[in-house]
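# how does the following fold in three dimensions:
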Amino acid sequence: MVTTKEEPDMNEGAIDICMIGAGGIVNDAHLPAYRMAGFDVKGIVDQNNQRARATADKFAIPQVYDSLEAMVADQHENVIYDCALPASEIIGVLRQLPEESTVLIQKPLGESIEEARAILEIAHSKNIRAGVNFQLRFAPFILEAKKMVCNGRLGTLTDIEIYVNVHTPWNRWSFLFGKPRMEINYHSIHYIDLIRSLLGNPSGVYAKTFKHPDSLQLASVKSTIIMDYGDFIRATIHTNHHHDFGYQHQDAYIKIEGTNGAVKINMGVLINYPTGIPDTFEYITTSSGEAPEWRSKKVEGSWFPHAFMGTMEQMILAKKGIIAKPENNIDDAFDTMRCVEAAYLSSVQGGVHLPPV
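Take a look at the predicted model:
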């Protein structure tokens, strides 16, 4: 979890959490993470009231509301709304939340850059403190890698490569079928956001996203993305979610290289999903005065559900005034959406055609 230098007491001045949504991501990641962190979830609402009650029973949530209006009417000012709904429903929810409220929004920030801009404008106009649940940057193995980067152990960053070759059972998220945008907007967006958290905004994006003949109801299941940081830093994302040939050759890793060392993180959570295998964290440095060799380090926790503690912790710290704004604030998230939009534009525009060459 992300902490400030003062290591604030997270239990001082309790903040309640109200869940808006009771779907799979809430049951599999949000609520297990909050239970581990000791965050207080006060209430939940969902269009499917029976599903909300089942989730409340599972996680001992004291209050189930019949409507968002009833939830809002029952709150005091020390509450954070956790909006875990499809992107297309975010605007409607924000319009119902009080002025100056605090809300964590499930990614992506809208289905398009137009929706993202509308969400941003509503948040600003109502003075809502909003964050977006780009949680990969808070995964324990990423926090460990960032420590090495910040301490200078890797030197100057020169290369970030993210490679995913897995079989993802998209039928677990039925709302994705028929979406005009899918793979980048709902998966590779995490990697775009992660690279931005390490390198800032790129000058441009090159990309192509692909369909598969066995998944024609999905807009895309594979992508190749290059984020342009000039001539000395390579930042690439390669994803294939339709490697349906057993898990023996499935692979999912993040590799970060610098002038003095490198880190390679194997994301076992994505292999043979949802069963998964253990993550691994390996690193090598040349600045220790010892002969360089790859070493392994045990890092407790994984992307799911542990990273979800980090995004909510940022909201709590900001709500309490311990930090000025959450790292995952909506304005930073909008820049991630700008990169996503650039990727889709690049995919449509295509490369340089051969006849002019």
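# quick one: the helices in the stretch 151-300 of the chain?
For the stretch 151-300 of the chain, the helices defined by DSSP state H, counting those that start in this stretch occupy 183, 189-199.
# now residue 17: which helix or strand?
Per DSSP states H and E: residue 17 is located in strand 16-20.
# average model confidence for that strand?
Average pLDDT, strand 16-20: 98.
# kindly report the same for stretch 65-72.
For stretch 65-72, mean pLDDT rounds to 98.
# starting at the chain centroid, how far to it?
Offset of stretch 65-72 from its chain centre (C-alpha atoms, centre = their mean, to the nearest Å): 27 Å.
# so for that stretch, what gets flagged as buried?
Within stretch 65-72, the residues that qualify as buried are 65, 68, 71, 72, counting by 16 or more other C-beta atoms under 10 Å. To be clear about C-beta, it is placed using only N, CA and C from the backbone, and glycine gets the same treatment.
# closest one of those residues to residue 112?
Among the buried residues of stretch 65-72, residue 68 lies closest to residue 112 (C-beta to C-beta), at 23.7 Å.
# ok, that closest one touching residue 96?
Yes: with contact defined as C-beta atoms under 8 Å, residue 68 reaches residue 96; the gap is 5.4 Å.
# how close does the residue sitting nearest the centre point of the chain get to residue 197?
Ranked by distance to the mean C-alpha position of the chain (C-alpha atoms, centre = their mean), the top residue is residue 134 at 2.7 Å. For residue 134, the distance to residue 197 equals 8 Å [C-beta to C-beta, to the nearest Å].
# what touches both of these two?
Counting by C-beta atoms under 8 Å, 6 or more residues apart in numbering, residue 134 and residue 197 have no contacts in common.
# poorly predicted segments of the stretch 201-350 of the chain, please.
288 (pLDDT under 70).
# how about the strands of it, start to end?
Along the stretch 201-350 of the chain, counting by DSSP state E, counting those that start in this stretch, strands occupy 204-210, 222-228, 234-240, 251-258, 261-266, 280-285, 295-296.
# ok now the helix or strand hosting residue 92, how far from the chain's centre?
Here residue 92 sits within helix 90-96, counting by DSSP H and E. Here helix 90-96 is found 21 Å from its chain centre; the criterion is C-alpha atoms, centre = their mean.
# strands paired with the helix or strand following that helix, and their directions?
Next in sequence after helix 90-96, counting helices and strands by DSSP H and E, comes strand 102-105. Neighbouring strands of strand 102-105 in its sheet, by DSSP bridges, are strand 79-83 (parallel), strand 129-132 (parallel).
# give me the mean pLDDT for the longest one.
When you say that, I think you mean strand 79-83. Averaging pLDDT along strand 79-83 gives 98.
# do the shortest one as well
Computed over strand 129-132, the mean pLDDT rounds to 98.
# who touches that strand?
The contact list for strand 129-132, computed with C-beta under 8 Å, 6+ apart, reads 94, 100-107, 109, 123, 311, 314-315, 318-319, 325-326, 328-330, 333, 336.
# chain center to that strand: distance?
On C-alpha atoms, centre = their mean, the centre of strand 129-132 falls 13 Å from that of its chain.
# next SSE after that strand?
Later in the chain than strand 129-132, the nearest helix or strand by DSSP H and E is helix 140-150.
# picking up where we left off before, ok, so of the buried residues of stretch 65-72, who is nearest residue 348?
Nearest to residue 348 among these: residue 68, at 36.3 Å, using C-beta to C-beta.
# same for the top helix by length along the chain, what does it pack against?
Using DSSP state H, we find that the single longest helix of the chain is helix 330-349. Packing partners of helix 330-349 (3 or more C-beta pairs under 8 Å, 6 or more residues apart in numbering; DSSP states H and E): helix 113-125, strand 129-132, helix 189-199, strand 204-210, strand 222-228.
# helices or strands up against the first one?
With contacts defined as 3+ C-beta pairs under 8 Å, 6+ apart, the secondary structure elements packing on helix 113-125 are helix 90-96, helix 330-349.
# okay, buried residues for the last one please.
If I follow you right, that is helix 330-349. Across helix 330-349, burial judged by 16+ other C-beta under 10 Å covers 330, 332-334, 336-344, 346-347.
# show residues contacting that helix.
Helix 330-349 has contacts (C-beta under 8 Å, 6+ apart) with 105, 107-110, 112-113, 116-117, 119-120, 123, 130-132, 134, 181, 184-185, 188-189, 192-193, 196, 201-202, 204-209, 223, 225, 227.
# check which residues of the one helix or strand residue 42 maps to are buried.
Element membership for residue 42, per DSSP H and E: strand 40-45. For strand 40-45, burial by neighbour count (16+ other C-beta under 10 Å) applies to 41, 42, 43, 44, 45.
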